[in-house]
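*Asks:* Here's my sequence, what's the structure:
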Amino acid sequence: MHKPGTVGGTIGLTLLLAAACGAVGAYTNLSPDADALRLPEPVIEALALRAEQLAAPKTYVREEQFQRADTVATFVGRLGLADPRIARLRSLRELRPGTYVSAEVGAEGNLISLTWLSGRDTLVRVAPEGDGYARSEGRAPLDTRISMKSGVIRSSLFGASDAAGIPDGVAMQLADVFGGDIDFHRDLRKGDRFTVVYETHYLGGRAVRSGRVLAAEFVNQGKPFRAVHYGSSYYTPEGKNMRKAFLRSPLEFSRVTSGFGMRVHPIARTWTAHKGTDYAAAVGTRVRAVGDGVVEFAGVKGGYGKVVVLRHHGQYATVYAHLSRFPAGLHRGQRVAQNDTIGFVGQTGWATGPHLHYEFQIAGQSRNPRTLAMPAALPVPQQQLPEFLAHAAPLLARLDLVANGEVARLE
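*Replies:* The predicted structure is shown next:
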């Protein structure tokens, strides 16, 4: 018997391996080769090269988020920057809570550059220059991706969007897109659901902000509404314009405290006809024009306090009362577009608390806007309909994908 480690022992081990591998193929060369059995010499050069690759980098990047409680000085200290002049840079005073700042620092701790994303997708860079620091700006190289999410109403649209991880800006767009069909103050019900396909903009692999809503579905009280973005508006899958001539409400989010019809007057304490709708909201809340029109009156008028009256096409007019103030420059004869700011909620005139009194008039007669069938804007032009349908198909398929997944999860 050969001792382990000898050539004979190696041959025996080789035969055993060959037998074990017989199902795969015959082992044909049983004669050991002395050169084949010799272990390779260590390669010193390769080890030296690998050590060189592990050398410390010449620069490194540290990223921090500016917090609400931060001062510029504490934030600079958290970034590990030693130069006291950096905290005195005027450019850093523009930082807002939530802003991410990247600091590129040299091996000796010297600052090479500070960069952050400012407004309008501007990338700001501050770097040493001479005895001080210089600022430069450029278009941020954003990467746009498509996000798809869904939510279920438990209490409010914002509550549902927060629970689903949907940005507030997207929720606001949803309210605007479906605002002609759904009154988000009164029509929402527990169990209503929505699905949204929207843009998310990334910088350096990190999401920095949301973009446009590309397609959405909202199921309100069992009735589905769908919208697809095309051109500068939103349309149904068939090409009808989602934008109505008039929005259902002059406030984006609020609650109705007094509806249209008979009520006990809050001051006179007598039964009177209430010719409008009262929306409770905090002082300073933005009031928007429900439709395109012309300012017919902007000033103080008796119990209405500060009021704006808009004249729309045909015999339509709208009234916005008890305002705290008007936007700068608003005047009689000025043209306004739907969703433009025409005032801010207040408590002027005969008002027992901050709210907006809103009236919708046809030929001088006050009507309940919640019961009227609002006329729609123009549909997709007939010659563009094939292009629109081709554009809408993949977006609607995404809605189906997310919506079906949500239904399956709930079941």
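*Asks:* where does the protein have its least confident helix or strand?
*Replies:* Ranking every helix and strand in the chain by mean pLDDT, DSSP states H and E puts strand 261-264 at the bottom, with a mean of 39.
*Asks:* all helices of the stretch 151-300 of the chain, in order?
*Replies:* Taking DSSP state H, counting those that start in this stretch, the helices of the stretch 151-300 of the chain run over residues 157-163, 168-177.
*Asks:* I'd like those helices as TSV, with distance to residue 403 and mean pLDDT appended.
*Replies:* The way it works is simple: take the backbone N, C-alpha and C, and place the C-beta from them, glycine included. Shown next, in TSV, are the helices of the stretch 151-300 of the chain (distance: least, C-beta to C-beta, whole Å; pLDDT from 0 to 100):
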stretch	distance to residue 403	mean pLDDT
helix 157-163	15	93
helix 168-177	14	92
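*Asks:* any chance you could map the strands in the stretch 101-250 of the chain?
*Replies:* 111-118, 122-129, 132-139, 143-152, 193-203, 206-220, 223-230, 233-235 (DSSP state E, counting those that start in this stretch).
*Asks:* Any figure for the gap between residue 341 and residue 251?
*Replies:* From residue 341 across to residue 251, the span is 11 Å (C-beta to C-beta, to the nearest Å).
*Asks:* what do the two both touch?
*Replies:* 286, 287, 288 (C-beta atoms under 8 Å, 6 or more residues apart in numbering).
*Asks:* Please produce TSV containing those residues, extended by pLDDT, neighbour count and distance to residue 109.
*Replies:* Formatted as TSV, the shared contacts of residue 341 and residue 251 follow (pLDDT from 0 to 100; neighbours: other C-beta atoms under 10 Å; distance: C-beta to C-beta, whole Å):
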residue	pLDDT	neighbour count	distance to residue 109
286	94	15	48
287	95	25	53
288	94	21	52
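*Asks:* So which of those residues are in strands?
*Replies:* 286, 287, 288 (DSSP state E).
*Asks:* any idea how far the first one lies from residue 320?
*Replies:* Right, residue 286. Distance, residue 286 to residue 320, using C-beta to C-beta: 11 Å.
*Asks:* Same question for the second one.
*Replies:* Computed with C-beta to C-beta, the distance linking residue 287 and residue 320 is 5 Å.
*Asks:* Tell me the residues that contact both of these two, please.
*Replies:* Contacts common to residue 287 and residue 320, judged by C-beta under 8 Å, 6+ apart, are 250, 308, 342, 343, 356.
*Asks:* Dump these to JSON lines, plus secondary structure.
*Replies:* Shown next, in JSON lines, are the shared contacts of residue 287 and residue 320 (DSSP: H, G, I helix; E, B strand; the rest coil):
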{"residue": "250", "secondary structure": "coil"}
{"residue": "308", "secondary structure": "strand"}
{"residue": "342", "secondary structure": "strand"}
{"residue": "343", "secondary structure": "strand"}
{"residue": "356", "secondary structure": "strand"}
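*Asks:* Return the member of the shared contacts of residue 341 and residue 251 nearest to residue 209.
*Replies:* residue 286 (20.9 Å; C-beta to C-beta).
*Asks:* So which bits of stretch 227-235 are buried?
*Replies:* Residues 227, 228, 229, 230, 233, 234, 235 are the ones in stretch 227-235 that count as buried (16 or more other C-beta atoms under 10 Å).
*Asks:* and the first one, what pLDDT?
*Replies:* Just to be clear, that refers to residue 227. Per-residue pLDDT puts residue 227 at 98.
*Asks:* contacting residues for it?
*Replies:* Counting by C-beta under 8 Å, 6+ apart, residue 227 has contacts 177, 178, 213, 215, 216, 217, 234, 235, 236, 242.
*Asks:* and it, how far is that from residue 130?
*Replies:* When distance is defined by C-beta to C-beta, residue 227 is 55 Å away from residue 130.
*Asks:* and residue 134, how many neighbours?
*Replies:* Applying other C-beta atoms under 10 Å, we find 11 residues neighbouring residue 134.
*Asks:* So for it, what's the pLDDT?
*Replies:* The predicted local confidence for residue 134 is 95.
*Asks:* wait, isn't it in contact with residue 126?
*Replies:* Yes: contact criterion C-beta atoms under 8 Å: residue 134 and residue 126 qualify, at 7.3 Å.
*Asks:* The closest residue to residue 327 other than its chain neighbours: neighbouring residues, count only.
*Replies:* Spatial nearest neighbour of residue 327, chain neighbours left out: residue 341 (5.2 Å); criterion: C-beta to C-beta, 6 or more residues apart in numbering. Using other C-beta under 10 Å, residue 341 has 13 neighbouring residues.
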